[in-house]
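J.: turn this into a model:
(one chain, ligands or ions: 1)
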Amino acid sequence: MAESSSGRIDTVMHEARLFPPTAEFASKARIKSLEEYQQIWDRAAQDPEAFWDEAARSELHWFEPYTEVLRWQEPFAEWFVGGKTNASYNCLDAHLTTERADKIALIFEGEPGDQRTYTYRQLHAEVCKFANVLTAQGITTGDVVSIYMPMVPELVIAMLACARIGAVHSVIFGGFSAEAIADRNHDASAKLQITADGGWRRGKQLALKQTVDQALEKSPTVTKCIVLKRVGNEVSMQAGRDFWWHELMEAASADCPATPLDSENSLFILYTSGSTGKPKGIRHTTAGYNLYAKKTFEWVFDHRDDDIYWCTADCGWITGHSYVVYGPLSAGATVLIYEGAPNHPAEDRFWDLIERHKVTILYTAPTAIRAFIKWGDDHVKKHDLSTLRLLGTVGEGINPEAWMWYHRMIGAERCPIVDTWWQTETGGIMMSPLPGAIPTKPGSCTKPLPGIIPDIVDHSGNSVDANQGGWLVITHPWPGMLRGIWGDDKRYQEQYWSKVPGKYLAGDNARRDDDGYYWIMGRIDDVLNVSGHRLSTIEIESALVSHPAVAEAAAVGRPDDLKGEAIAVFVTLKGVEPTDALRNDLKQHVRKEIGALAQPDDIRFTNALPKTRSGKIMRRLLRDIAAGRQTVGDTTTLEDYSVLASLQHEE
Ligand code: WT7
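T.: Got it, this is the predicted structure:
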């Protein structure tokens with residue numbers, strides 16, 4: 001048993017199921033066996049710079065070659081120093097001289113059912129035109145452009161147009177408030193805003209322009225606003241500041257050569273919430289990020305030219321940046337994007353989309369998978385999902401029973417599941433099964449990708465043994481890593497590089513099992529300390545989710561005089577009645593599954609859990625509620641305030 005002071009965490013989870021890739025899948029995969037993966041990983045680990053050097057030469061277009069692969073002055077990295085490239089070029093122009101020129105790049109479906117497609121050639125033309133629009137509005141290399149749009153092709157076009165001229169995009173998810181937009185615009189000193197008259201969500205129009213109008217009152221650095229007509233509703237246009245997208249585009253030329261940009265030119269800022277305080281503007285740059293997004297896309301999704309690939313994330317999140325735009329488009333993929341909600345007009349919308357567009361790869365989040373389970377199998381069974389060949393998840397740990405449902409119900413036991421661990425900060429996937437090579441275990445993100453060298457350490461920075469939980473660190477710089485927090489080097493240094501000298505601290509706990517598989521155990525701040533044992537949230541939650549009545553669960557600690565912390569869990573049910581008998585049954589179930597130590601002290605039934613707008617459970621808020629405290633800290637990322645209010649008023 002570990003001593004709690006060292007920072008080690010006890011594991012109580014026992015998951016022994018193993019799913020090797022089918023022979024059929026492996027035989028066609030880029031990387032076909034565990035041995036082959038291990039060889040590539042070993043070679044990369046021996047000399048990461050040589051490995052990335054070779055990849056950068058073959059994967060990216062260089063207007064001018066770089067002179068140095070990595071310049072590392074901890075914690076500041078520069079990759080491919082002195083080189084000049086352009087991410088928009090790599091995503092578009094690079095394909096125009098190949099047979100992919102007239103391949104479909106984007107398939108768009110709006111929530112009302114409207115559809116559009118763009119070939120690489122067509123997308124290139126639109127991006128060139130919009131890049132000229134931006135230039136005509138006075139935007140140039142290094143200027144920050146703020147984007148607040150629905151998930152429509154013009155969002156992708158706007159991002160790539162910024163990249164084309166070296167402007168830095170800051171995409172703000174279309175669910176954020178005027179306040180949140182203004183804060184981010186201010187922090188980044190944004191010069192221009194791009195938005196739309198609205199977007200569709202569950203049959204309703206989101207009043208995006210109205211929100212932007214409020215935000216711009218408090219965004220003095222923003223002097224221009226370009227408005228896309230999407231829903232056709234009446235919006236107010238301020239003369240001299242606001243311009244219609246379609247009017248500007250009409251006059252724009254489609255001739256706009258990509259600007260050769262320095263490898264380290266900022267490509268984008270993406271704000272991510274800190275656990276407290278103001279959001280951090282994570283800064284990513286051009287060459288390293290682009291390379292990493294492309295390579296990881298090809299490895300993890302084992303991309304083939306006939307794939308129809310659907311990542312359900314919005315471009316307001318890093319997943320949308322790396323695996324809707326920069327990764328897949330650099331790789332020449334056909335990408336489906338969908339504007340709306342998964343339950344509009346009915347709970348089978350995703351399966352309907354997959355059937356009609358013949359999707360082969362689906363990449364979504366555990367929160368969505370848990371919702372599908374709750375909505376019931378009938379919605380799935382109505383549709384032909386036989387085109388699917390690969391499934392992925394990202395954003396949170398996936399409970400093994402949710403994994404099994406995904407595997408059986410969506411994957412028909414045929415599709416490998418790639419559980420991808422990464423962060424806004426890492427730029428791309430860090431750990432994931434390579435689907436033709438690495439046998440999967442439900443709930444494990446398995447192994448690090450080539451060029452990524454993780455470790456698990458205690459509070460003194462020493463590696464811990466197998467099956468000991470501890471802090472997850474990355475021991476060597478990688479091309480996709482964040483270059484800093486916008487305007488705040490000190491916070492960057494403190495947050496990621498101070499607790500464990502010389503290593504990137506991810507902020508998650510994890511353990512490695514006897515086979516070298518990694519199991520993410522949740523955020524460092526979320527660990528429970530029960531009678532001197534440090535327990536991870538996901539293990540308790542997964543035990544609860546394995547009970548047939550439970551849809552979702554969140555475990556937190558609450559102060560307890562005797563045990564230090566008692567375990568409080570919040571549970572949503574699959575349409576069964578919450579009773580005291582069920583409460584007792586759940587306690588017994590956890591006891592049986594993972595032991596008496598992890599048995600919850602309090603079980604609270606609720607209709608919904610508080611989540612971030614990207615679908616992560618906000619355990620920090622639940623901790624306050626469990627302790628009977630007022631909730632403190634930042635709640636601006638909360639998706640639905642009424643959930644918090646109803647939790648506070650229960651009891
Ligand atoms: C945090 C990063 C990565 C894009 C979306 C989220 C958690 C993410 C997994 C996974 C367990 C995961 C971690 C991580 N997380 N993927 N496969 N298994 N946990 O990006 O908002 O920056 O969040 O999400 O806690 O640190 P993000």
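J.: up against the ligand, what does the stretch 1-150 of the chain have?
T.: Residues of the stretch 1-150 of the chain lying close to the ligand (Cβ under 6 Å from any ligand atom): none. Using the backbone N, CA and C atoms, a C-beta is placed for each residue, glycine as well.
J.: excluding its backbone neighbours, what's nearest residue 200?
T.: The shortest distance from residue 200 to any residue other than its chain neighbours is 3.7 Å, reached at residue 111 (Cβ to Cβ, 6 or more residues apart in numbering).
J.: from residue 400, how far out is the residue in the stretch 1-150 of the chain that the ligand sits nearest to?
T.: Nearest to the ligand in the stretch 1-150 of the chain, going by Cβ to the nearest ligand atom, is residue 13, at a distance of 13.4 Å. Going from residue 13 to residue 400 by Cβ to Cβ, to the nearest Å gives 8 Å.
J.: give me the common contacts of the two.
T.: Counting by Cβ atoms under 8 Å, 6 or more residues apart in numbering, the common neighbours of residue 13 and residue 400 are 443, 542.
J.: what residues of stretch 7-22 count as buried?
T.: With burial defined by 16 or more other Cβ atoms under 10 Å, the residues of stretch 7-22 counted as buried are 7, 8, 9, 10, 11, 12, 13, 15, 19, 21.
J.: would you turn those residues into CSV with secondary structure and pLDDT?
T.: Shown next, in CSV, are the buried residues of stretch 7-22 (DSSP: H, G, I helix; E, B strand; the rest coil; pLDDT from 0 to 100):
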residue, secondary structure, pLDDT
7, coil, 80
8, coil, 82
9, strand, 84
10, coil, 85
11, coil, 83
12, coil, 80
13, coil, 77
15, coil, 82
19, strand, 97
21, coil, 96
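J.: may I have stretch 461-474 exported as CSV, CA atoms only?
T.: What follows is stretch 461-474, C-alpha atoms only, in CSV (Å, rounded to 0.1, in the frame of the first residue of the first chain):
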residue,chain,number,x,y,z
GLY,A,461,9.6,13.5,-9.1
ASN,A,462,10.6,9.9,-8.9
SER,A,463,9.1,7.3,-11.2
VAL,A,464,6.6,5.1,-9.4
ASP,A,465,6.2,1.3,-9.9
ALA,A,466,3.7,-0.4,-12.1
ASN,A,467,0.1,-0.1,-10.8
GLN,A,468,1.0,2.8,-8.6
GLY,A,469,-0.9,6.0,-9.4
GLY,A,470,0.9,9.3,-9.5
TRP,A,471,1.4,12.4,-11.6
LEU,A,472,1.5,12.1,-15.3
VAL,A,473,4.4,13.9,-16.9
ILE,A,474,6.0,14.2,-20.3
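J.: that one vs the ligand: in contact?
T.: No. Judged by Cβ under 6 Å from any ligand atom, stretch 461-474 stays clear of the ligand, getting no closer than 8.3 Å.
J.: what's in contact with that stretch?
T.: Applying Cβ under 8 Å, 6+ apart, the contact partners of stretch 461-474 are 2, 7-11, 426, 430, 452-459, 481, 499-501, 503-506, 508-514, 518, 520-521, 524, 534, 536.
J.: and it, what's buried?
T.: For stretch 461-474, the neighbour count (16+ other Cβ under 10 Å) marks 461, 464, 468, 469, 470, 471, 472, 473, 474 as buried.
J.: nearest to the ligand among these?
T.: residue 472 (8.3 Å).
J.: hey, what's that closest one bridged with?
T.: Assessed by DSSP bridges, residue 472 has beta-bridge partners residue 456.
J.: measure it to residue 391 for me?
T.: Distance of residue 472 to residue 391, given as Cβ to Cβ: 24 Å.
J.: contacts for stretch 338-348?
T.: Here stretch 338-348 has contacts from 108-111, 150-152, 199-203, 310, 312, 349-350, 353, 368, 371-372, 375-376, 379-380, 382-383, using Cβ under 8 Å, 6+ apart.
J.: any weak-confidence spans in the stretch 251-400 of the chain?
T.: Across the stretch 251-400 of the chain, the ranges flagged by pLDDT under 70 are 274-277.
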